[in-house]
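**Q** next input, structure requested:
(one chain, ligands or ions: 1)
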Amino acid sequence: MMQIKYSNDSRIFNLNTDGIPYLSFDILDRLGVPNLYTTRYISYDEAAGEGVKGLRLAVMKDEDMEEAAPVVKANRDALARQLGSSIDFECITDQKHTNYVHVAAAEDLGFKPKPLHRQHVDGIVTDIPDVLLTVFGGDCPPVYIVDPVRKAVGLVHAGWKGTLGRIPEVAIANMVVRFGCDPGDMYAAIGPGICKDCYEMGDEIFDRFADEWSLEDAEHLLSRYPGGKFHLDLRESNRLTLVRAGVPEDHISVSNVCTKCNADTFYSYRARRMENEQAAMLVNRFGGDL
Ligand SMILES: [Zn+2]
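**A** Numbers count the residues shown, from 1 in each chain. The predicted structure follows:
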């Protein structure tokens, strides 16, 4: 089995190693919603216990667009096809650490090596059937939101700024207003990202949470570690946001995989800066019977 260190024994993920390897959320798999979170691996041979690393899914700042774009496109299309979709239905975000959420429109769909920098959004929602939402992360967790009743989905990039700005709630509010969703029908999954033990922050983060959330929340979500630095619990912050937005607690799955603790298997910004990023993908399709 691929070497992944889990922070608890809960079975949150299924591991798929046919084609490009990825983790998928068991809670979303049971709803029949195609979903994934990638690793560093291009391929993995379970029998041999080894794989080929170096998967490229995003065009990085210092990369040559002409060289990188075709590779990135081929990899994203291969993953989309593994989910029964294709790159022609993909919509991606800007990844600007905002809490802005975009409602996907027909003209957004199709491969873009980089997002159109006209929106500055970190989340997307859609009720268009079969649309593929993709966000990227290499420590910042993605949050997947699905409504099997109204058949709508949302996917957000939740680094500390988006988390502070409650971006999952912004996505849910858009789904309620635009698509008539009820948060009580929704399911959500908080994807792999940096764990609290690894996530050292400056002192100002405590005041931001105390001001914009509450003192009680800041004390709950942040702790001063022996080194003297505050550490932020992104998983619990986003879980609280989902619960407060009305998603039932037993409809929420929280990742037990840290990208930095598993920096050999996942790209981690804190561990090795910007080599590349994982993709989180979610298709607006419901095939389960829950
Ligand atoms: Zn960690």
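**Q** partners of Val143 in the sheet?
**A** Val156, Ile190 (DSSP bridges).
**Q** no, scratch that, I was asking about Tyr6
**A** Val257.
**Q** was I right to think it contacts Val254?
**A** No - counting by CB atoms under 8 Å, Val254 is not a contact partner of Tyr6; they are 11.9 Å apart. Yep, even glycine has a C-beta here, placed from its N, CA and C like the rest.
**Q** please identify which of the two sits among more neighbours.
**A** Neighbours per residue (other CB atoms under 10 Å) separate Tyr6 from Val254, with Val254 holding more: 18 against 15.
**Q** between Tyr6 and Val254, which contacts overlap?
**A** Counting by CB atoms under 8 Å, 6 or more residues apart in numbering, the common neighbours of Tyr6 and Val254 are Ile12.
**Q** near the ion, which residues of the stretch 51-200 of the chain are found?
**A** 195, 198 (CB under 5 Å from the ion).
**Q** residue ranges with poor pLDDT in the stretch 51-200 of the chain?
**A** When residues are selected by pLDDT under 70, those of the stretch 51-200 of the chain lie in 116-119.
**Q** where along it do the strands fall?
**A** For the stretch 51-200 of the chain, the strands defined by DSSP state E, counting those that start in this stretch occupy 90-92, 101-103, 123-126, 132-137, 142-147, 152-157, 187-190, 200-201.
**Q** mind putting the ones you listed in JSON lines, mean neighbour count included?
**A** Formatted as JSON lines, these follow (neighbours: other CB atoms under 10 Å):
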{"stretch": "strand 90-92", "mean neighbour count": "25"}
{"stretch": "strand 101-103", "mean neighbour count": "21"}
{"stretch": "strand 123-126", "mean neighbour count": "27"}
{"stretch": "strand 132-137", "mean neighbour count": "26"}
{"stretch": "strand 142-147", "mean neighbour count": "29"}
{"stretch": "strand 152-157", "mean neighbour count": "30"}
{"stretch": "strand 187-190", "mean neighbour count": "27"}
{"stretch": "strand 200-201", "mean neighbour count": "15"}
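**Q** looking at the ones you listed, which is closest to Met1?
**A** Smallest distance to Met1 across those (CB to CB): 21.3 Å, for strand 187-190.
**Q** who's in contact with that closest one?
**A** So strand 187-190 is contacted by 25, 27-28, 31, 35, 141, 143-148, 158, 168, 235, 238-239, 242, 247, 251-255 (CB under 8 Å, 6+ apart).
**Q** hang on, isn't Val103 packed against Asn174?
**A** Yes - using CB under 8 Å, Val103 is in contact with Asn174, at 6.1 Å.
**Q** mutual contacts of those two, please.
**A** Val125.
**Q** dump the strands of the stretch 51-200 of the chain to JSON lines, plus distance to Leu109.
**A** As requested, the strands of the stretch 51-200 of the chain are exported to JSON lines (distance: least, CB to CB, whole Å):
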{"stretch": "strand 90-92", "distance to Leu109": "6"}
{"stretch": "strand 101-103", "distance to Leu109": "12"}
{"stretch": "strand 123-126", "distance to Leu109": "9"}
{"stretch": "strand 132-137", "distance to Leu109": "8"}
{"stretch": "strand 142-147", "distance to Leu109": "19"}
{"stretch": "strand 152-157", "distance to Leu109": "14"}
{"stretch": "strand 187-190", "distance to Leu109": "23"}
{"stretch": "strand 200-201", "distance to Leu109": "37"}
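**Q** so which of the ones you listed is nearest Asn262?
**A** Smallest distance to Asn262 across the strands of the stretch 51-200 of the chain (CB to CB): 13.3 Å, for strand 132-137.
**Q** and that closest one, which strands flank it?
**A** Here strand 132-137 has these sheet partners by DSSP bridges: strand 90-92 (parallel), strand 278-283 (antiparallel).
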